[in-house]
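Chemist: Below are the sequence and a predicted model for it; my questions follow.
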Amino acid sequence: MDGRMVGKVALVTGGSGGIGAATAERFASDGAAVAIVDINEAQADSVAAGIAATGGTARAIACDVSDIASAEAAVATCLSAFGRLDVLVCCAGIVRDNLVFRMTDEDWHGVLETHLTGTFAFARAAQRTMTEQRYGKMVFLSSVSALGNRGQTNYSAAKAGLQAMARTLAIELGPFGINVNAVAPGFVETAMTRATAARLGMDFDAFKAQVLEQTPRRILGQPHHIANVIAFLCGDESEYVSGQTIYVAGGPRG
Ligand code: NAP
């Protein structure tokens, strides 16, 4: 534990998934108390227990981020457990890929509500406390898909929207000591990309080999690669960085 986040409280949505769990674990190892917010309650409990087992402080909070009342309640639970909220990272996400002529209303609304409405709901709830504290860090999970990706009309629109949301909130909340940024990963090895390979009818190892060959840096993205950049954006070394999107993709892609 290096202590750079001692005394800080972080809330991570999607905190039981690949990138969210790596981020929660990184924050805990830096000394923060962490609220792990996820629709998958059993997995959130397991991530929280893993953090507690290594001497960290964590609490699992069950929540469907696409439900605004559930998001408000999750922030209230975090505040009553830990008394403050310094860092918000919005990782909760789903994919419902389809070419546009096959994309259903449900595919469209499900993705927009999880990524965009979910992030909006947490950002709005978190800023109430962060503005009072005159301190806060927010990071939203965008994607290289924001630049356009076949089969992802819903997801690419949501991920581009999150970049715009980060820029806008950076302007509105900056005077209150709050930084708002986005991180846009390329491929990261998680349950989400495993499901994408399955949808494409590809063996996951073959899919990963193809991605590796196309990645300039010849590294297969792992959750900790993204958590490292999020940790930078949530620390005070980056206090002059706000409203930005950092592509973390083993190459330019931005
Ligand atoms: P993941 O492993 O699938 O984790 C996502 C987590 O969010 C899961 O625990 C999931 O629960 C949870 N979740 C889904 N819908 C939710 C809801 N309505 N309310 C609360 N929690 C919900 O995905 P990941 O790869 O770590 O992705 C994290 C973020 O990075 C996402 O926003 C994703 O779009 C973005 N991203 C990922 C990649 C990549 O290559 N992996 C690339 C670019 C961007 P369930 O498992 O129960 O659904």
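Modeler: Looks like it came in fine. Residues are numbered from 1 along each chain as shown.
Chemist: OK, contacts around Glu119?
Modeler: I think there's a mix-up here, since residue 119 is Thr and not Glu. Contacts for Thr119 were tallied using C-beta atoms under 8 Å, 6 or more residues apart in numbering; they are 13, 65, 90, 140, 162, 165. Bear in mind the C-beta positions are built from the backbone N, C-alpha and C, glycine included.
Chemist: Residues of this structure that sit close to the ligand?
Modeler: Remark: the part of the chain in contact with the ligand comprises 14, 16-20, 38-40, 63-66, 91-94, 114, 141, 143, 185, 187-188, 190-193, using C-beta under 6 Å from any ligand atom.
Chemist: Wait, a strand at Pro61?
Modeler: Check again: residue 61 is Ile, not Pro. Yes. Judged by DSSP: H, G, I helix; E, B strand; the rest coil, Ile61 forms part of a strand.
Chemist: And the pLDDT for it?
Modeler: In this model, Ile61 is scored at 98, pLDDT.
Chemist: Over to Ala21?
Modeler: Here, the pLDDT recorded for Ala21 equals 98.
Chemist: Can you name the helix or strand that the closest residue to Gly15 other than its chain neighbours falls in?
Modeler: Computed as C-beta to C-beta, 6 or more residues apart in numbering, the closest residue to Gly15 that is not its neighbour in sequence is Ile36, at 3.5 Å. When secondary structure is defined by DSSP states H and E, Ile36 falls within strand 33-38.
Chemist: Just the CA trace of the helix or strand of the chain with the lowest mean pLDDT, in PDB.
Modeler: Every helix and strand in the chain was compared by mean pLDDT, DSSP states H and E; the lowest is helix 191-199, with a mean of 94. Taking Å, rounded to 0.1, in the frame of the first residue of the first chain, the C-alpha atoms of helix 191-199 are listed here in PDB:
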ATOM      1  CA  ALA A 191     -15.800 -11.000 -19.800                       C
ATOM      2  CA  MET A 192     -17.000  -8.400 -22.200                       C
ATOM      3  CA  THR A 193     -14.500  -9.100 -24.900                       C
ATOM      4  CA  ARG A 194     -14.800 -12.900 -24.300                       C
ATOM      5  CA  ALA A 195     -18.500 -12.400 -25.100                       C
ATOM      6  CA  THR A 196     -17.700 -10.400 -28.200                       C
ATOM      7  CA  ALA A 197     -15.500 -13.200 -29.500                       C
ATOM      8  CA  ALA A 198     -18.300 -15.600 -28.900                       C
ATOM      9  CA  ARG A 199     -20.800 -13.400 -30.700                       C
END
